[in-house]
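**Q** The sequence isn't on hand, but the structure is:
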């Protein structure tokens with residue numbers, strides 16, 4: 001089993017003591033079968049939600065793979081990936097990106113640039129960088145994934161749209177708005193052809209583009225896209241839904257900013273009611289709307 005992917009597909013939950021892990025690590029022979037056994041235990045802990053224990057074991061596995069197979073081995077690259085993934089799940093994004101940086105650096109020496117194993121690691125690295133706010137570092141990583149997807153997965157429009165949108169997001173956070181607009185519009189165009197304007201994915205990208213258009217001062221275009229995204233949310237999820245509430249706030253906020261109070265105020269009052277129903281009168285989400 002290739003453990004580069006295994007953390008994403010758990011099948012069975014077992015119960016193993018922490019003391020047993022320490023003994024396993026101590027007595028581990030340097031062979032793939034024993035390593036697979038420990039990786040299986042790592043998956044078990046992860047599947048059970050025992051993330052701190054999984055992280056502890058992944059750190060021990062890093063020492064083991066380095067000692068047994070060397071830093072430049074596929075086994076060590078996989079251990080770095082697994083550690084980064086556990087940290088990513090724990091929302092420790094900066095630490096996760098540090099491990100993924102090491103994993104990617106080593107993987108580039110081992111795998112071809114178009115190898116799916118390398119690209120898989122790169123995708124998680126991109127996610128860690130983006131979530132930790134390291135947009136300058138994230139840009140070339142996202143560009144590499146986008147270029148790979150365009151060349152090798154161009155027949156998968158949903159995947160290409162995903163990475164086009166992600167690249168647009170990075171550019172937006174770098175205040176490179178023209179570039180962001182290019183990739184946001186491409187994601188929207190691809191999704192319209194593949195899934196249609198009524199799809200939930202189309203509305204997500206449309207909402208992103210509307211936000212960018214507002215930032216760029218293209219208020220009428222933003223208004224059109226916010227309105228259509230809101231209509232899509234109502235059609236797909238109904239009004240008593242967080243996606244509808246979020247898009248309604250976006251539209252109401254823009255209308256208010258544009259001075260169209262007669263249209264903004266009813267939306268804001270309705271949004272308060274929806275948010276109270278969704279989260280409760282004492283919730284942070286509802287309190288924010290009252291300030």
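**A** All right, it came through fine. Note that the structure is predicted; figures quoted are calculated from it, not measured. Residues are numbered from 1 along each chain as shown.
**Q** Please name the nearest non-neighbouring residue to residue 130.
**A** If you skip the residues right next to it in sequence, residue 130 has residue 138 as its closest partner in space, 5.1 Å away by Cβ to Cβ, 6 or more residues apart in numbering. The C-beta positions use only the backbone N, C-alpha and C, and glycine is treated the same way.
**Q** element containing that neighbour, please.
**A** helix 135-152 (DSSP states H and E).
**Q** and the angle for the helix or strand just after that helix with helix 135-152?
**A** Of the helices and strands lying after helix 135-152 in sequence (DSSP H and E), the nearest is helix 157-173. When axes from the mean of the first three to the mean of the last three Cα atoms, to 10 degrees is applied, the directions of helix 157-173 and helix 135-152 differ by 160 degrees.
**Q** so how far is residue 203 from residue 188?
**A** Distance from residue 188 to residue 203, counting by Cβ to Cβ, to the nearest Å: 10 Å.
**Q** again, but for residue 155
**A** Between residue 155 and residue 203 the computed distance is 24 Å (Cβ to Cβ).
**Q** What is the burial count for the closest residue to residue 148 other than its chain neighbours?
**A** Across the structure, with Cβ to Cβ, 6+ apart as the measure, the residue nearest residue 148 apart from its sequence neighbours is residue 119 (5.6 Å). When neighbours are defined as other Cβ atoms under 10 Å, residue 119 has 19 of them.
**Q** where does residue 119 land on pLDDT?
**A** According to the predicted model, the pLDDT of residue 119 comes to 97.
**Q** quick one: it and residue 141 touch, right?
**A** No: applying Cβ atoms under 8 Å, one finds residue 119 not in contact with residue 141, separated by 10.9 Å.
**Q** picking up where we left off before, what's near enough to touch the residue nearest to residue 130?
**A** For residue 138, the contact set (Cβ atoms under 8 Å, 6 or more residues apart in numbering) comprises 126, 129-130, 170.
**Q** again, but for residue 140
**A** Residues in contact with residue 140 (Cβ under 8 Å, 6+ apart): none are found.
**Q** So it versus residue 153, what's the distance?
**A** Counting by Cβ to Cβ, the gap from residue 140 to residue 153 is 19 Å.
**Q** cool, residue 289 as well?
**A** Distance check for residue 289 against residue 153: by Cβ to Cβ, it reads 42 Å.
**Q** same deal with residue 160?
**A** Relative to residue 153, residue 160 is positioned 7 Å away (Cβ to Cβ).
**Q** Over to residue 43?
**A** For residue 43, the distance to residue 153 - Cβ to Cβ - is 27 Å.
**Q** ok, now residue 227?
**A** Residue 227 sits 33 Å away from residue 153 when distances are taken as Cβ to Cβ.
**Q** repeat for residue 282
**A** Using Cβ to Cβ, one obtains 47 Å as the distance from residue 282 to residue 153.
**Q** Looking at the two, which one has more neighbours?
**A** More neighbours surround residue 153 than the other of residue 282 and residue 153, with 16 against 8 (other Cβ under 10 Å).
**Q** residue contacts, the closest residue to residue 261 other than its chain neighbours?
**A** Once its chain neighbours are removed from consideration, residue 261 has its nearest residue in residue 255; the separation is 7.7 Å (Cβ to Cβ, 6+ apart). Contacts for residue 255 were tallied using Cβ under 8 Å, 6+ apart; they are 223, 261, 263-264, 267.
**Q** Helices of the stretch 101-250 of the chain, residue ranges please.
**A** 116-131, 135-152, 157-173, 177-195, 200-215, 219-237, 242-257 (DSSP state H, counting those that start in this stretch).
**Q** What average pLDDT does the third one get?
**A** The average pLDDT for helix 157-173 rounds to 97.
**Q** What residues sit buried inside it?
**A** For helix 157-173, the buried set under the neighbour-count rule, 16 or more other Cβ atoms under 10 Å, comprises 157, 160-173.
**Q** nearest to residue 212, of the residues you listed?
**A** The nearest member of the buried residues of helix 157-173 to residue 212, counting by Cβ to Cβ, is residue 172 at 5.8 Å.
**Q** Now do that closest one against residue 54, distance only.
**A** Using Cβ to Cβ, one obtains 34 Å as the distance from residue 172 to residue 54.
**Q** What is the burial count for residue 290?
**A** For residue 290, the tally of surrounding residues (other Cβ under 10 Å) stands at 9.
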